[in-house]
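Undergrad: got a predicted structure here, sequence first:
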Amino acid sequence: NPIQKRIAAIPKAQYGGRHTVTMLPGGGIGLELSNYVREIFRYAGVPVDFEVIDIDPNSETNDDLDYAITSIKRNGVAIKGNIETKSEATGIISRNVALRNELDLFVNVLHCKSYPGVRSHHKDIDLIVVRQNTEGEYAMLEHESVRGVVESLKIITVEASERLSRFAFEYARKNGRKKVTTIHKANIMKLSDGCFLETSKRIAKEYPDIEHNNMIIDNTCMQLVAKPQQFDVLLTTNLYGSICTNVICGLVGGAGLYSGRNYGDHYAVFEPGTRNTGSSIAGKNICNPFAMLNASVDMLNHLGHTQHANAISTAIYETIVKDKIHTADLGGTASSTDCIQNVLKHLAAGQVSWKIA
Ligand code: ATP
């Protein structure tokens, strides 16, 4: 199984039974979200130490980012908020994109499953987006060829499309999923999206047990809003993936709930699913902490700390679904710290047997 091989190949820094994980808080609400993760891990006795690296958004150089990348290469695993880039003069475009490219994190996975009782436009959604994460419209190859004419290159390669498609079908098979839908715009971008679509069709033939169909991105947005339950696994390019994940998160509770996972052959990086900075709500104790906490649960599962992952995930579920402790983005009145206190309360109550003997 190529996925299992891939995950097994990821080196994980471990000293005396403890893992070391790179933490990049990023800008906006990133710092408070990261601190909540640290508080809960400390409380639950999670055997993970964080190497925290702050990246100065105003920096004129990429030294901070280089240091962060070296740290992730050493530790194998990272958790991050959204990194801001304010320095436009130096030609530094997006440090988030640069980080994904440098670590070859070719796939982004977002699993959106409705939380019962959360204010949402649709119920019973359970779908997965498998998004290309390193090329496509995010190639960052733009130039002004003559004054007033800008060209932007969208890169689609057979190699990356094949690797991503195989990941999607393997993921579907491993997780008991029945259908993969390739999302594209091959009717207009016949060569680039055509390549992506044709490659996914070719790989689909290797997985006769998984149904495969395809849909144009425009229609996908409409179908997601009208009848999202028809989807199972969405397989798509970089920008369409970003659009789909944001539409889906908007349908089931917004930016504050769901986590996203970035994988390559060697490294894994976990973060809130919609990658928002949330500058306007930073430092006010009102942001929803659960997308980042769910990212920390993903990270623990990846490292094999399943007991701690299950304990924290259960405490999150109880807080959202049973206790209905909701921040303003979900229509509630709770503060971020109310949510965290409630999670700690469930961990203390030991509702699941999570404590290591
Ligand atoms: P800014 O970073 O200045 O807020 P923005 O308006 O583009 O920029 P994003 O960071 O992209 O905002 O976030 C989109 C929306 O989602 C914003 O309204 C933001 O407040 C909200 N949002 C993002 N993350 C959370 C969160 N964890 N809890 C509550 N709301 C959130």
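TA: Received the coordinates, thanks. Numbering: from 1, shown residues only.
Undergrad: for the rest of this, base every contact and every neighbour count on C-alpha atoms.
TA: Will do.
Undergrad: tell me who's in contact with the most centrally placed residue in the chain.
TA: Among the residues of the chain, the one closest to the centroid is G260, at 1.5 Å (C-alpha atoms, centre = their mean). Contacts for G260 were tallied using C-alpha atoms under 8 Å, 6 or more residues apart in numbering; they are 108-111, 270-274, 295.
Undergrad: report the separation between it and the ligand.
TA: 13 Å (C-alpha to the nearest ligand atom, to the nearest Å).
Undergrad: what is the three-state secondary structure of M140?
TA: Per DSSP: H, G, I helix; E, B strand; the rest coil, the secondary structure class of M140 is strand.
Undergrad: actually V180, not the one I wrote
TA: Taking three-state DSSP, the label given to V180 is strand.
Undergrad: burial count for it?
TA: 25 (other C-alpha atoms under 10 Å).
Undergrad: tell me the bridge partners for it.
TA: H212, V233 (DSSP bridges).
Undergrad: and T20, by the same measure?
TA: Going by DSSP bridges, T20 is paired in beta bridges with D49.
Undergrad: and for G30, nearest residue in space, chain neighbours not counted?
TA: Counting by C-alpha to C-alpha, 6 or more residues apart in numbering, G30 lies nearest to G81, which is 4.7 Å off, once chain neighbours are set aside.
Undergrad: could you list every residue that touches the one you found?
TA: 24-27, 29-31, 33-34, 271-272, 275-277, 292.
Undergrad: pretty sure F106 is touching R261, no?
TA: No - using C-alpha atoms under 8 Å, F106 makes no contact with R261, being 10.7 Å away.
Undergrad: number of residues surrounding K322?
TA: By the criterion of other C-alpha under 10 Å, K322 has 11 neighbours.
Undergrad: coming back round to it: narrow the contacts of G260 to those in helices?
TA: Counting by DSSP state H, the contacts of G260 place A295 in helices.
Undergrad: present the contacts of G260 as JSON lines; the columns should include pLDDT, distance to the ligand and neighbour count.
TA: Converted to JSON lines, the contacts of G260 look like this (pLDDT from 0 to 100; distance: C-alpha to the nearest ligand atom, whole Å; neighbours: other C-alpha atoms under 10 Å):
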{"residue": "N108", "pLDDT": "97", "distance to the ligand": "18", "neighbour count": "25"}
{"residue": "V109", "pLDDT": "98", "distance to the ligand": "18", "neighbour count": "24"}
{"residue": "L110", "pLDDT": "97", "distance to the ligand": "15", "neighbour count": "25"}
{"residue": "H111", "pLDDT": "96", "distance to the ligand": "17", "neighbour count": "20"}
{"residue": "F270", "pLDDT": "98", "distance to the ligand": "15", "neighbour count": "26"}
{"residue": "E271", "pLDDT": "97", "distance to the ligand": "11", "neighbour count": "28"}
{"residue": "P272", "pLDDT": "96", "distance to the ligand": "8", "neighbour count": "29"}
{"residue": "G273", "pLDDT": "93", "distance to the ligand": "9", "neighbour count": "27"}
{"residue": "T274", "pLDDT": "91", "distance to the ligand": "8", "neighbour count": "24"}
{"residue": "A295", "pLDDT": "98", "distance to the ligand": "12", "neighbour count": "24"}
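Undergrad: just the contacts of G260: which are in strands?
TA: 108-111, 270-272 (DSSP state E).
Undergrad: redo those residues as CSV? Include distance to L141.
TA: What follows is the ones in strands among the contacts of G260, written out as CSV (distance: C-alpha to C-alpha, whole Å):
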residue, distance to L141
N108, 21
V109, 24
L110, 26
H111, 30
F270, 26
E271, 25
P272, 26
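Undergrad: any idea which of the residues you listed is closest to Q14?
TA: Using C-alpha to C-alpha, F270 is the member of the ones in strands among the contacts of G260 that sits closest to Q14, with 18.1 Å.
Undergrad: the contacts of G81 in helices, which ones?
TA: Secondary structure from DSSP H places 30-31, 33-34, 292 of those in helices.
Undergrad: the ligand contacts on the stretch 201-350 of the chain?
TA: Residues of the stretch 201-350 of the chain lying near the ligand by C-alpha under 6 Å from any ligand atom: 255-256, 276-281, 287-289, 329.
Undergrad: put the buried members of the residues you listed into a ChimeraX selection.
TA: Restricted to buried positions by 16 or more other C-alpha atoms under 10 Å, the ChimeraX selection for those reads:
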select :255,256,276,277,287,288,289,329
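Undergrad: which one of the contacts of G260 is nearest K178?
TA: The closest of the contacts of G260, once distances to K178 are taken by C-alpha to C-alpha, is H111, at 14.9 Å.
Undergrad: list the contacts for the closest residue to that closest one other than its chain neighbours?
TA: In space, and not counting its chain neighbours, H111 is closest to I128: 4.4 Å by C-alpha to C-alpha, 6+ apart. Applying C-alpha under 8 Å, 6+ apart, we find I128 in contact with 109-112, 232-234.
Undergrad: correct me if wrong, but I128 is in a strand.
TA: Yes - the assignment for I128 by three-state DSSP puts it in a strand.
Undergrad: bridging residues for it?
TA: Under the criterion used (DSSP bridges), I128 bridges to H111, V233.
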